[in-house]
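Participant: Next one to model:
(chains A and B)
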There are 2 protein chains.
Amino acid sequence: MEPSTSGFPPASAANAKLSMKPSTLLSPVPVVLVSCGGTQPGERPNLITIAWAGTVCSEPPMLSISVRPERHSYELIRSSGEFVVNVPTERHARAVDWCGVVSGRDEDKFAKAGLTPGKALHLRTPIVLECPINIECKVRQTLELGSHVMFVAEVVGIQVSQSLMTPLNRLALEQAGLLAYAHGHYYVLGRQLDHFGFSVRKKPVETPRGGRPPKRKETRA
Amino acid sequence: MEPSTSGFPPASAANAKLSMKPSTLLSPVPVVLVSCGGTQPGERPNLITIAWAGTVCSEPPMLSISVRPERHSYELIRSSGEFVVNVPTERHARAVDWCGVVSGRDEDKFAKAGLTPGKALHLRTPIVLECPINIECKVRQTLELGSHVMFVAEVVGIQVSQSLMTPLNRLALEQAGLLAYAHGHYYVLGRQLDHFGFSVRKKPVETPRGGRPPKRKETRA
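Facilitator: Residues are numbered from 1 along each chain as shown, chains lettered A, B, ... in the order given. Prediction:
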């Protein structure tokens, strides 16, 4: 084997790499139903499926979605300055896909997808009642990046489905059957692993029977 | 049942909602090992785990990561203007968690996490050889949002592990065991569902035996 001249160890066969052309390969990413519009008298609310979405700030809580400016939803979000990120589940997979390929200029997507507009807490835009998580957002910044415009938005309200709450009032997200998107395919979120901070968790302290378990580390991103 | 006065249908019991305080609940989100630094003589490269990441544009391909400015990696990315998003798998879960809770000011995180720096195609920042996808990024915009600073970056190169390529040269991402993050927990990506566009797929045309199947719709986000 040739000695490395780059300062890096030579790759073993197990780590051999191929180069690919630059693309949107980051995986998995969320896939969400964004509701928008319906904020003016007579304006029909719309739905658009977005995979170019992510959390971008903890305090204040902010997320971003990126939308092609030729989409009908772009103008609705641009003019109202608000939208709702509705987190779908496996049972909504067909509606999610369909809302990503047809235009709300031509269709009443709520009606045709069999989804129900519900009242938001702080916005005029409706939420999607059937989705277990509804995140109400107000646009704070708009960035033109190329094919897509990024809306950077603050989370101003959240509703969750009561059916996902445990008797101890924990949000049992692992039972929701959430979707994700990777490299052109939808996936169901699989097995839950450990919690954030598990690698530095203290070993359980020996306590008398019935003693308290050690407190969990708080989640931080 | 009371008639709705809001213009929305009343929620059925199945769709009953609870309100929660605004937070970073968008789920699932990616969880990636970002490598940075090592671009100046004598500078030790670093790793930081990021869940506040997402694709933000298709043309040019761009993604964003958000970093707290007090993190050691923040200065490394800020001064070099580049980083690599390394997509980990279930087998890296402990390293991923650990790189999210300790600081590279104190530790050689590559060495302690048992990860190998490898040569990038277009950057001086090293990739993580063990991760099946390595996305090389150049920072184009920096947004101060609050607790986090968002780096909006262009994808300038990608390497993938040869072991994930099928004999027909397809990237078999469904075999990688990718991770995701949701509400304080890590998850393994589960079952692959259908591809983007499946809801409007034409039914297979009757063809003579051996005839070509209909061409798949191209993926578009």
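Participant: low pLDDT regions in chain A?
Facilitator: A:1-13, A:203-221 (pLDDT under 70).
Participant: the strands in it, which residues?
Facilitator: Using DSSP state E, the strands found in chain A span residues A:17-20, A:32-36, A:46-50, A:53-57, A:62-67, A:82-87, A:117-118, A:127-128, A:133-144, A:149-161, A:179-182, A:185-195.
Participant: do you know which of those strands lies nearest B:I127?
Facilitator: strand A:17-20 (8.0 Å; CB to CB). C-betas here are computed from N, CA, C, even on glycine.
Participant: how close does A:L26 get to B:T125?
Facilitator: For A:L26, the distance to B:T125 equals 17 Å [CB to CB, to the nearest Å].
Participant: the more surrounded of those two?
Facilitator: A:L26 (27 against 24; other CB atoms under 10 Å in any protein chain shown).
Participant: ok, the more buried one touching B:M62?
Facilitator: No - counting by CB atoms under 8 Å, A:L26 stays clear of B:M62, with 10.0 Å between them.
Participant: hey, what's in contact with both of those two?
Facilitator: Counting by CB atoms under 8 Å, 6 or more residues apart in numbering or on different chains, the contacts common to A:L26 and B:M62 are B:T55.
Participant: Contacts for stretch A:94-105 next, please.
Facilitator: The contact list for stretch A:94-105, computed with CB under 8 Å, 6+ apart, reads A:31, A:33, A:37, A:44, A:46-49, A:71-73, A:88, A:109, A:112-115, A:179, A:186, B:194, B:196-200, B:221.
Participant: Filter these down to the buried ones and express that as a ChimeraX selection.
Facilitator: To isolate the buried subset of those in ChimeraX, counting by 16 or more other CB atoms under 10 Å in any protein chain shown, use the following:
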select /A:31,33,37,44,46,47,48,49,71,72,73,88,109,113,115,179,186 /B:196,197,198,199,221
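Participant: separation between the residue positioned nearest the centre of chain A and chain B?
Facilitator: Chain A has A:P30 as the residue nearest its centroid, 4.1 Å off, counting by CA atoms, centre = their mean. According to CB to the nearest CB, to the nearest Å, A:P30 stands 6 Å off from chain B.
Participant: Could you do A:V200 as well?
Facilitator: 5 Å.
Participant: quick one: contacts for that residue?
Facilitator: Here A:V200 is in contact with A:217, B:97-98, B:101-102 (CB under 8 Å, 6+ apart).
Participant: and the gap between it and B:V101?
Facilitator: 5 Å.
Participant: for A:S66, same thing?
Facilitator: 30 Å.
Participant: ok, how many other residues are close to A:R201?
Facilitator: So A:R201, with other CB under 10 Å, has 14 neighbours.
Participant: Just want the phi and psi numbers for it.
Facilitator: phi -70, psi 140 (degrees, to the nearest 10).
Participant: can you put the strands of chain A in TSV and add distance to chain B?
Facilitator: Converted to TSV, these look like this (distance: least, CB to the nearest CB, whole Å):
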stretch	distance to chain B
strand A:17-20	4
strand A:32-36	7
strand A:46-50	8
strand A:53-57	2
strand A:62-67	5
strand A:82-87	6
strand A:117-118	6
strand A:127-128	8
strand A:133-144	6
strand A:149-161	4
strand A:179-182	5
strand A:185-195	3
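Participant: I'd like those laid out as JSON lines, including distance to B:A93.
Facilitator: Formatted as JSON lines, the strands of chain A follow (distance: least, CB to CB, whole Å):
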{"stretch": "strand A:17-20", "distance to B:A93": "22"}
{"stretch": "strand A:32-36", "distance to B:A93": "25"}
{"stretch": "strand A:46-50", "distance to B:A93": "27"}
{"stretch": "strand A:53-57", "distance to B:A93": "20"}
{"stretch": "strand A:62-67", "distance to B:A93": "25"}
{"stretch": "strand A:82-87", "distance to B:A93": "23"}
{"stretch": "strand A:117-118", "distance to B:A93": "37"}
{"stretch": "strand A:127-128", "distance to B:A93": "32"}
{"stretch": "strand A:133-144", "distance to B:A93": "24"}
{"stretch": "strand A:149-161", "distance to B:A93": "26"}
{"stretch": "strand A:179-182", "distance to B:A93": "17"}
{"stretch": "strand A:185-195", "distance to B:A93": "6"}
